[in-house]
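J.: next come a sequence and a model predicted from it.
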Amino acid sequence: MNTKNVLSMLTELVKLPSVSSTLPSRDMGNIKVIEQLANWLEPLGFTIRILPIAGSPNKANLVATLGSGSGGLVLAGHTDTVPCDDTLWHSDPFALTERDGRLYGLGSTDMKGFFAIAIEALKPFLEKPLSAPLIILATADEESSMDGARSLVHADVSGARYAVVGEPTGLKPMRAHKGIVMKGITITGRSGHSSNPLLGNNAMDAMHEVMSGLMQLRQELALKYQHPGFGVPTPTLNFGCIHGGDNPNRICGQCELHFDIRTTPGMDNGELDELIQNVLTPVAERRAINIGLRALMPGLAAYEEPENSDIVTLVEHLTGQPAGTVGFATEAPFFQQLGLQTIVMGPGSIDQAHQPDEYMALDQIQPTVDVLQAMIKRYCQ
């Protein structure tokens, strides 16, 4: 393994900004990163497909395939990063900086570093034809909408049966994580002078009832669904923010609540709307008030790979660690939906992601190369 090659590639990837954000003013494309990966992989013999994301200029997925057959391996990750405030960094977030055995830079661990290491790991397999395809799959917008992964179809992973999502887990295999839905509730009442409640219809009073109903729903979900593999073994419902009214002496005419639900494996996100609506409808009817429910983002299903699946057994053997669970969401459910046995496992730590001075430890590189090479040998040769 040539560490200099990894550092050179990661330097190039980090210096290409590819922030994705729900705020249009912060959002940018990832196409330059996709093109750079393509420029490295095509001369190595990979067949390159750059797939634009519909309605998103300068955003695309990359599907790079080496070999053919069936039973192959996908090495997958996202090319976007979260936004950053460079005034909080001790070095330029877009210039890879090595110090104290660490590689600092935005995306170094979440998760541009995975691509640099994966490309280095696959090089010994270029001299002999593979018996099953090796696919490098790079997506857009994981940090915001996950539109890149959502747009994948079966043809994009043709011939593959296994997938590694290289999110930073310290190279510990993870076989499950919770799903997430984010909802907004808007209650529109009627404002009026606070001296006479009959002059209006208080949206905040109605929201109080709604929140009480949602708290009861939270308890019901916790009793019905439990997964001992998670530190918090039940679904959670969190009230994130609330806005309403404009003055103490004025009846509140509108109130809005944003909340999320983290679902456990086995739950159907699609059923939640009905359960929430069952809370809202009685309040709306009793108070003769308008209550609207909407999604703040497309939901993400929970993910769980069976503990006895081939890929879990293999990575547990290769890493010497039992497969666990993580609290953060990944693109893994989308690869499962495409029929792939899927594991979440990559270099670096999630503790360093999404904050100033993000870094990958240098001592993560060689172990990751070793594990990926063993997986390529098992599934592609």
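T.: Alright, I've got the coordinates.
J.: please count neighbours and contacts with C-alpha atoms only from this point.
T.: Fine.
J.: quick one, helices of this protein?
T.: Listed in chain order, the helices of the chain (DSSP state H) span 3-14, 31-41, 112-122, 147-150, 203-224, 269-287, 310-319, 332-337, 365-380.
J.: give me the distance from the fifth one to the chain's centre.
T.: For helix 203-224, the distance between its averaged C-alpha position and the chain's averaged C-alpha position is 28 Å (CA atoms, centre = their mean, to the nearest Å).
J.: and the contacts of that helix?
T.: Defining contact as CA atoms under 8 Å, 6 or more residues apart in numbering, one finds that helix 203-224 is touched by 187-190, 234-237, 244-245, 252-255, 275-276, 279-280, 283-284, 287, 289.
J.: show me what contacts Asp268?
T.: Ala301.
J.: let me redo that: Pro133
T.: 65-73, 159-160, 380.
J.: can you tell me which of those is nearest Leu96?
T.: Using CA to CA, Thr65 comes nearest to Leu96 of the contacts of Pro133, at 28.2 Å.
J.: look up the closest residue to that closest one, ignoring the ones flanking it.
T.: Distances taken as CA to CA, 6 or more residues apart in numbering place Ile135 nearest to Thr65, at 4.5 Å, with adjacent residues excluded.
J.: burial count for the one you found?
T.: When neighbours are defined as other CA atoms under 10 Å, Ile135 has 28 of them.
J.: per-residue pLDDT, it?
T.: Looking at Ile135, its pLDDT reads 98.
J.: and what of Thr188?
T.: Reported pLDDT for Thr188: 98.
J.: who's it bridged to?
T.: Taking DSSP bridges as the rule, Thr188 bridges to Gln254, Asn290.
J.: what separation do you get for it and Pro197?
T.: 16 Å (CA to CA, to the nearest Å).
J.: more neighbours: which of these two?
T.: More neighbours surround Thr188 than the other of Thr188 and Pro197, with 21 against 13 (other CA under 10 Å).
J.: pLDDT weak spots in this protein?
T.: Judged by pLDDT under 70, the chain has its weakly predicted residues at 1.
J.: residue ranges of each domain in it, please.
T.: 3-177+302-380, 179-300 (automatic domain parsing).
J.: which one of those domains is the most hemmed in?
T.: domain 3-177+302-380 (a mean of 20; mean count of other CA atoms under 10 Å).
J.: still on that earlier bit, tell me the one among the contacts of Pro133 nearest to Pro93.
T.: Set against Pro93, the nearest of the contacts of Pro133 by CA to CA is Thr65 (31.0 Å).
J.: surely that closest one is in contact with Thr47?
T.: Yes. Contact criterion CA atoms under 8 Å: Thr65 and Thr47 qualify, at 5.1 Å.
J.: which residues touch Asp85?
T.: Pro356.
J.: same check, this time on Ser145
T.: Counted by CA under 8 Å, 6+ apart, Ser145 has contacts 22, 297-298.
J.: so which of these are in strands?
T.: 297-298 (DSSP state E).
J.: need the contacts of Ser145 in a markdown table with distance to Asn61, can you?
T.: Converted to a markdown table, the contacts of Ser145 look like this (distance: CA to CA, whole Å):
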| residue | distance to Asn61 |
| --- | --- |
| Thr22 | 19 |
| Met297 | 20 |
| Pro298 | 19 |
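J.: from the contacts of Ser145, which is closest to Asp147?
T.: Pro298 (9.2 Å).
J.: I'd assumed Val181 was in contact with that closest one.
T.: Yes. Using CA under 8 Å, Pro298 makes contact with Val181 at a distance of 7.1 Å.
J.: at the geometric centre of the chain, which residue sits there?
T.: For the chain, the residue nearest the mean C-alpha position is Thr330 (3.3 Å; CA atoms, centre = their mean).
J.: what residues are up against it?
T.: Thr330 neighbours (CA under 8 Å, 6+ apart): 142, 165, 167, 177.
J.: for the second one, which residues make a bridge with it?
T.: With beta bridges defined as DSSP bridges, Val165 has these partners: Ala76, Val344.
J.: that one contacts Glu331, correct?
T.: Yes. Val165 is within contact range of Glu331, at 7.3 Å (criterion: CA under 8 Å).
J.: how close does Gln341 sit to Thr325?
T.: Relative to Thr325, and taking CA to CA, Gln341 is found at 16 Å.
J.: Gln364 - nearest residue in space that isn't next to it in sequence?
T.: Per CA to CA, 6+ apart, closest to Gln364 is Pro347, 5.7 Å.
J.: any idea how far Glu271 is from that neighbour?
T.: Taking CA to CA, one finds Pro347 at 36 Å from Glu271.
J.: now swap in Thr11 and tell me
T.: Counting by CA to CA, the gap from Thr11 to Glu271 is 45 Å.
J.: how about Thr281?
T.: Thr281 is 16 Å from Glu271, by CA to CA.
J.: also Asn61?
T.: According to CA to CA, Asn61 and Glu271 sit 31 Å apart.
J.: Val82 reaches Glu142, doesn't it?
T.: No. Val82 is beyond contact range of Glu142, at 9.3 Å (criterion: CA under 8 Å).
J.: and for these two, which residues touch both?
T.: Joint contacts of Val82 and Glu142 (CA under 8 Å, 6+ apart) are Ser20.
J.: show me what contacts the residue lying closest to Asp92 once chain neighbours are set aside?
T.: Spatial nearest neighbour of Asp92, excluding adjacent residues (CA to CA, 6+ apart): Asp86 at 6.7 Å. For Asp86, the contacting residues are 92-93, 356, by CA under 8 Å, 6+ apart.
J.: and of those, the nearest to Ile376?
T.: Distances from Ile376 to the contacts of Asp86, taken by CA to CA, are shortest for Pro93, at 32.2 Å.
J.: quick one, phi psi at Ile53?
T.: phi -90, psi 120 (degrees, to the nearest 10).
J.: look up how far Ser151 lies from it.
T.: 7 Å.
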